[in-house]
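Novice: just to be clear, the model below is a prediction. Sequence and coordinates:
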Amino acid sequence: MGKILVVDDSRTSRRILKGILESAGHEIVGEAMNGEEGYQKYCDLKPDLVTLDVTMPVLDGIGALKKIKADFPDSKVVMVTAAGQKSKIVEAVQAGADEFIPKPFEAEQLAQVIAKVIQ
Ligand SMILES: [Mg+2]
């Protein structure tokens, strides 16, 4: 269980993710709608884990991942991916992403991935 920041430009995705993570016993300490806002909130909140949607306006998930890992090498970052994003996944692995969760969300699998990374 831990403090989690959820970053996604889709309000629906944030709501679903928040519901699953809270049901699994985690605390959602913040939400952000794009990578730049997510990076700023990460700096302010220092959560135990952040979820980053790959496709977002202003600064995408890969850009936010790079900024967070550069400033906080011990951060735990889980990328939220959609179908057809293989090249983005490769880029995220190279940038230090800790894990991946696919959209559409599958509650049990998602909770397992988060638990594994956060421990
Ligand atoms: Mg998106």
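Specialist: Structure's in. What do you need?

Novice: for the rest of this, base every contact and every neighbour count on C-alpha atoms.
Specialist: Will do.

Novice: show me the beta-bridge partners of the residue nearest the centre of the chain.
Specialist: Here the mean C-alpha position of the chain is nearest to the C-alpha of Thr51 (C-alpha atoms, centre = their mean), at a distance of 1.0 Å. Thr51 forms beta bridges with Val6, Val78, as assigned by DSSP bridges.

Novice: let's have the chain start at 782 instead
Specialist: Okay, using 782 as the starting number, the last item reads as Thr832.

Novice: would you mind measuring from Ala863 to Ser804?
Specialist: Distance from Ala863 to Ser804, counting by C-alpha to C-alpha, to the nearest Å: 23 Å.

Novice: quick one: the strands in this structure, in order.
Specialist: With DSSP state E as the criterion, the chain has strands at 784-788, 808-813, 830-834, 858-862, 880-883.

Novice: in CSV, list the C-alpha atoms belonging to the third one.
Specialist: Extracted as CSV, the C-alpha positions of strand 830-834 are listed here (Å, rounded to 0.1, in the frame of the first residue of the first chain):
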residue,chain,number,x,y,z
LEU,A,830,4.6,5.6,-7.1
VAL,A,831,3.3,7.5,-10.2
THR,A,832,1.3,6.1,-13.1
LEU,A,833,1.9,7.9,-16.4
ASP,A,834,-0.4,7.6,-19.4
